[in-house]
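> here is my input; please provide its structure:
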Amino acid sequence: MAPRYFLPIYTTVNLSKPVTVDNILIIQHGAGGEANNFFCDALAGTSSLNSTAVVAPYFGNETVLQRDWLVGSVSNRTSLYWNATRWNQGAASLNAPNISSFDALDALLHLVTRCPNRMCAKQVTVGGFSAGGQTVQRYAWASSYGAANSTRRVKVKFVVSDPGTYLYFDTQRPKQSCRPRQDTGPSWSCSSFGDYTPFASACPGFNDYKLGLNTLNASSPYFTRLAGSPAAMSAAYLAKNILYVLGEADVCNCLSSGVTNPAVCFRASQTCSPVANGNNASCCDMPAPQPINAMVDIACGDMLQGSNRLQRGLLFMSYLKTFSNGSASPQFTTVPGMGHDASKLYGVQKFLNFVSSP
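So this is what the prediction gives:
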């Protein structure tokens, strides 16, 4: 990484020295940029795990000097920063156009997996929730870290939780029968996919990155340096160790017309905005405490993936099986009562086991 810039992080270990704990969890924040909250939640939530460090990078929309971020530093290096949430797709930073958010994650992983004098962690889990889940899913596709045939001494794996959208590897999308505009529940499965290209005039850009693989090179400098072809990267992705965690109550879509939202999506005794619930007595939103900005993406290409986060996640599990001709068996779990709330991730035993088990 260019020496003029740095990526702010929160960490429980001194990364200027070899990391000798068994497990490292790198947790990626959501659209609100609340890396401090994600760090604190992860620290508390993994406290029962032995020999586990937590690292939380901050992809901000403003700059900070290193001397103001890091106690004891006198450096005037400036932090990398991004426009809105474009870091979740590997976009170039605004002040260093040759450095993308995925380059920054590569640099962080290189730092925590180095093994001077054969001292290093045993495994690193890169996890993300919501917009952070989008980051991790796309990074897992694009990066060489975590490859099944990797010769690196430190194992790298990934956790993707409740992203708004997924990166698809071809022009197949769930057919309309697979994505009814309602909560279809945690057992939903549908294997009816079809090439959407003949209908693309109704949804231009449906396969553009970050939803598909079109326009890759124009989207990030990182993609001009891929280790293989898009087809090879997709095949490598299928072989990586990835856990998907889906909230069974993350089922709201309050901004799209014609969507039937379940009772969990409504808050009583509030002025109704943006969608009325019959008598205007309550408001359609994500379940408390999440604010209205936690709503799911609803552009045309987004809706082709499903009508809400749970449905989209389950359909992507079906897609991975279809895309791989049945050879892929994605690891996923659905969590009862979990809405769009990142803090609930740490109550999921399968997630904790994934982070701490070799």
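> can you show me the strands along the stretch 51-200 of the chain?
52-57, 78-79, 123-129, 155-161, 172-174, 193-195 (DSSP state E, counting those that start in this stretch).
> can I get those in JSON lines with mean pLDDT?
Shown next, in JSON lines, are those (pLDDT from 0 to 100):
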{"stretch": "strand 52-57", "mean pLDDT": "97"}
{"stretch": "strand 78-79", "mean pLDDT": "96"}
{"stretch": "strand 123-129", "mean pLDDT": "97"}
{"stretch": "strand 155-161", "mean pLDDT": "97"}
{"stretch": "strand 172-174", "mean pLDDT": "98"}
{"stretch": "strand 193-195", "mean pLDDT": "98"}
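> export those strands to CSV and append columns for distance to Val251.
(Each C-beta comes from the backbone N, C-alpha and C, glycine too.) Putting those into CSV (distance: least, Cβ to Cβ, whole Å) gives the following:
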stretch, distance to Val251
strand 52-57, 27
strand 78-79, 36
strand 123-129, 16
strand 155-161, 15
strand 172-174, 16
strand 193-195, 22
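> so, low pLDDT: which residues of the stretch 101-250 of the chain?
116-119 (pLDDT under 70).
> from Ser329, how far out is Ala239?
According to Cβ to Cβ, to the nearest Å, Ala239 and Ser329 sit 11 Å apart.
> more neighbours, those two?
Taking other Cβ atoms under 10 Å, Ala239 and Ser329 do not tie; Ala239 has more neighbours (14 against 11).
> surely the more buried one touches Ala147?
Yes - at 7.4 Å, Ala239 and Ala147 qualify as touching, with contact defined as Cβ atoms under 8 Å.
> now the terminal residues of stretch 183-202, how far apart.
25 Å (Cα to Cα, to the nearest Å).
> for it, which outside residues touch it?
Stretch 183-202 has contacts (Cβ atoms under 8 Å, 6 or more residues apart in numbering) with 171-175, 177-179, 203, 206-207, 246, 248, 251, 260-262, 300, 304, 308, 310-311, 314-315, 317-319, 321-322, 334, 336.
> just the buried residues from those, in ChimeraX please.
Burial among the contacts of stretch 183-202 is assessed by 16 or more other Cβ atoms under 10 Å; the matching ChimeraX selection reads:
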select :171,172,173,174,178,179,203,206,207,246,248,251,261,304,308,310,311,314,315,317,318,319,321,322,334
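> so which of the contacts of stretch 183-202 are in strands?
In strands, defined here by DSSP state E, the members of these are 172-174, 246, 334.
> pipe those into JSON lines and attach distance to Ser48 per row.
As requested, those are exported to JSON lines (distance: Cβ to Cβ, whole Å):
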{"residue": "Gln172", "distance to Ser48": "41"}
{"residue": "Arg173", "distance to Ser48": "40"}
{"residue": "Pro174", "distance to Ser48": "38"}
{"residue": "Leu246", "distance to Ser48": "23"}
{"residue": "Thr334", "distance to Ser48": "22"}
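> return the member of those residues nearest to Val124.
Lowest distance from Val124 to the ones in strands among the contacts of stretch 183-202 (Cβ to Cβ) belongs to Leu246, with 22.7 Å.
> let me see the contact set for the closest one.
161-162, 186, 309-310, 313-314, 332-335.
> could you redo the last one with a cut-off of 6 Å?
By Cβ atoms under 6 Å, 6 or more residues apart in numbering, the contact set of Leu246 is 310, 313, 334.
> now it: closest residue in space that isn't a chain neighbour?
Gly313 (4.2 Å; Cβ to Cβ, 6 or more residues apart in numbering).
> how much space between that neighbour and Gln137?
Counting by Cβ to Cβ - Gly313 and Gln137 are separated by 10 Å.
> so the two - more neighbours on which side?
Gly313 (27 against 24).
> test my guess that Ser130 contacts Gly30.
Yes - assessed by Cβ atoms under 6 Å, Ser130 is found in contact with Gly30 at 4.0 Å.
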